[in-house]
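what follows is a predicted protein model with its sequence.
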Amino acid sequence: MLQIKNLNIIHKKDLRYIFENFSCVLNEGDKAVMIGEEGNGKSTLLQWIYNPQMISDYCEAEGERVIQGQKLGYLPQELPPEDCGKTIYEYFMEEDQFFEQTPKELNRIAAMFGFTGEVFYSGQCMGTLSGGEKVKVQMMRLILSEPDVLLLDEPSNDIDLETLEWLEKFILSWRHIILYISHDETLIERTANMVIHIEQIRKKTKCRHTIAHMSYQQYLQERFSQYENQQRRAENDRREKKLREEKYRRIFQSVEHAQGSISRQNPSKGRLLKKKMHVVKSMERRFAREDENMTEMPEEEEAIFFKIGSEKSKIPAGKTVIEYSLEKLYTPDHDRVLAKNINLRIRGSEKLCIVGMNGAGKTTLLQMIAKELLDRTDLYAEYMPQNYEDLLDFSMTPVDFLDQSGEKEERTKIRTYLGALKYTADEMDHKISQLSGGQKAKILLLKMSLSGASVLILDEPTRNFSPLSGPVIRQMLKEFPGAIISISHDRKYIEEVCSRVCRLTEDGLVEQ
């Protein structure tokens, strides 16, 4: 059992409650998914559970976590900087259990992730692995450590479709506690038996949480049903309140008028009207008590509102966006050949997704395609890398990064757009380094929107958006009037947005 009692977490910079009186119990066999919009504190909670000191730089926390002898295993959202310079072998050497494994057991664990047992002794630097390979290696070390509780922050990020299917089976077969964050709606739908929903309502001035012991789809259905029922009751109560007020006003005005026009020579009628006024006042007090018990209008986090592209983003159907050929695709250090005979042609407003195994060279290929398109003068392209730090200056604020002119009008417009993306005024002035992965991704998407680009080059565009924002982001990209060249393992993105899918293999791009 893992228990959290009366947890309060306050953000030091803007003194905002991220969690207030949060209590939760997780039992053996619970597969709990934590959902909520970007920046609501999901990763913060996961870090606090693993080690409260991890959030001490930017948050103050008070509360109790009850761990009854369990060993916690934690997968961070990003590979820690201090691990990037280590070799894979050095990384595994830091886990005591590594040296107690037999070659057969190591081979078994490696095979789960599509590796051979030699991977454990590799001299390759952790920082040079692909995004999916980094997740796989970290998961392998977690399994070696034999934890009783798994705390996974975006385990589905960047891993290929084959490993995603393995991850689903792994979560379902895990006998102990799993608490995880994921933006892969398919994974959540297939694995979670408990939902922890973290919200920031009233323009992020009040935090709220809901804990439901049910599947994700059932939770969404019940949440929608409860919202509709509460809204209907609240509207009925307000209609009845209006009728009560009109009835009271008519009676009060009638008695008041009668009192004003009564003659002093008729004291008995005066006494009768005075009694009537007492009854009217009593009615007012009764109505006030009924008003106090009115059903409250349901509160929900405001959905993000966003659009990319305009009329000038449109590409004629017959226009060739890119015709790209590459005899050999090498690793970034030119150590080996990843693929050969690559040929790609994009026309009009096609939306292409490139899929393939982790380490196949998808990101390397996309970077080369981006370089060619970004140098073009006959169309305007924008690039969203897998590693946001490649483009974002983490020392700047979102407004400063997006501001091109320094003019007050432009900065006001940027703040308006950021507000539509659910940034608070305080968050707009936070350094980008202090923002969540999803908030960083929103900055890049907003940059694309403001630029008027006609071609978007996207490396895992939905990887850091919550399951609640995901449908909005997918619809936005589906409606983009220009061309999209992307890499993704998000099954809903591939199905709903992409008109073409190509798999990168050793023999080139194969149309799916």
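It's in.

what average pLDDT does stretch 76-91 get?
Averaging pLDDT along stretch 76-91 yields 93.

before we move on, what about stretch 360-370?
For stretch 360-370, the per-residue pLDDT averages 94.

quick one: that stretch to chain centroid distance?
25 Å (Cα atoms, centre = their mean, to the nearest Å).

same check on stretch 199-207?
16 Å.

got it, and stretch 107-127?
How far stretch 107-127 lies from its chain's middle: 30 Å, per Cα atoms, centre = their mean.

now residue 396: which helix or strand?
Element membership for residue 396, per DSSP states H and E: none, as it lies in no helix or strand.

OK, contacts around it?
Counting by Cβ atoms under 8 Å, 6 or more residues apart in numbering, residue 396 touches 431-432. C-beta coordinates here come from the backbone N, C-alpha and C atoms, glycine included.

and it, how far from residue 270?
76 Å (Cβ to Cβ, to the nearest Å).

and after the longest helix anywhere in the chain, which helix or strand comes next?
For the chain, the helix with the greatest residue count under DSSP state H is helix 216-261. Downstream of helix 216-261, the first helix or strand assigned by DSSP H and E is helix 267-292.

chain center to that next one, what's the gap?
Using Cα atoms, centre = their mean, the offset of helix 267-292 from its chain centre is 55 Å.

just stretch 471-487 next, same as before
Per Cα atoms, centre = their mean, the centroid offset for stretch 471-487 relative to its chain is 17 Å.

how about that stretch as CSV, C-alpha atoms only?
Only the C-alpha atoms of stretch 471-487 are listed here, as CSV (Å, rounded to 0.1, in the frame of the first residue of the first chain):
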residue,chain,number,x,y,z
PRO,A,471,-8.2,15.9,-29.3
VAL,A,472,-7.9,19.7,-29.7
ILE,A,473,-4.3,19.5,-30.9
ARG,A,474,-5.1,16.7,-33.4
GLN,A,475,-8.1,18.6,-34.8
MET,A,476,-6.0,21.7,-35.1
LEU,A,477,-3.3,19.8,-37.1
LYS,A,478,-5.9,18.0,-39.2
GLU,A,479,-7.4,21.4,-40.2
PHE,A,480,-4.0,22.9,-41.0
PRO,A,481,-4.3,24.0,-44.7
GLY,A,482,-0.6,23.4,-45.5
ALA,A,483,1.6,20.3,-45.5
ILE,A,484,2.8,18.3,-42.5
ILE,A,485,5.9,16.0,-42.4
SER,A,486,6.0,14.3,-39.0
ILE,A,487,7.3,11.5,-36.8
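
what's the average pLDDT for that stretch?
92.

could you list the buried residues of that stretch?
The neighbour-count criterion (16 or more other Cβ atoms under 10 Å) identifies 473-474, 476-477, 480, 482-487 as the buried residues of stretch 471-487.

with stretch 7-22 instead?
Quick answer for stretch 7-22 (16+ other Cβ under 10 Å): 7, 9-11, 16-19, 22.

how about stretch 454-472?
Result for stretch 454-472 [16+ other Cβ under 10 Å]: buried residues 454-470.

what does stretch 271-282 give?
By neighbour count on 16+ other Cβ under 10 Å, the buried set for stretch 271-282 is 273, 276-277, 280.

likewise for stretch 89-109?
91-92, 95, 98, 101, 106-107, 109.

same check, this time on stretch 446-454
446-450, 453-454.

from these, pick the one nearest residue 370.
residue 453 (11.9 Å; Cβ to Cβ).

look up the closest residue to the closest one, ignoring the ones flanking it.
residue 382 (4.0 Å; Cβ to Cβ, 6 or more residues apart in numbering).
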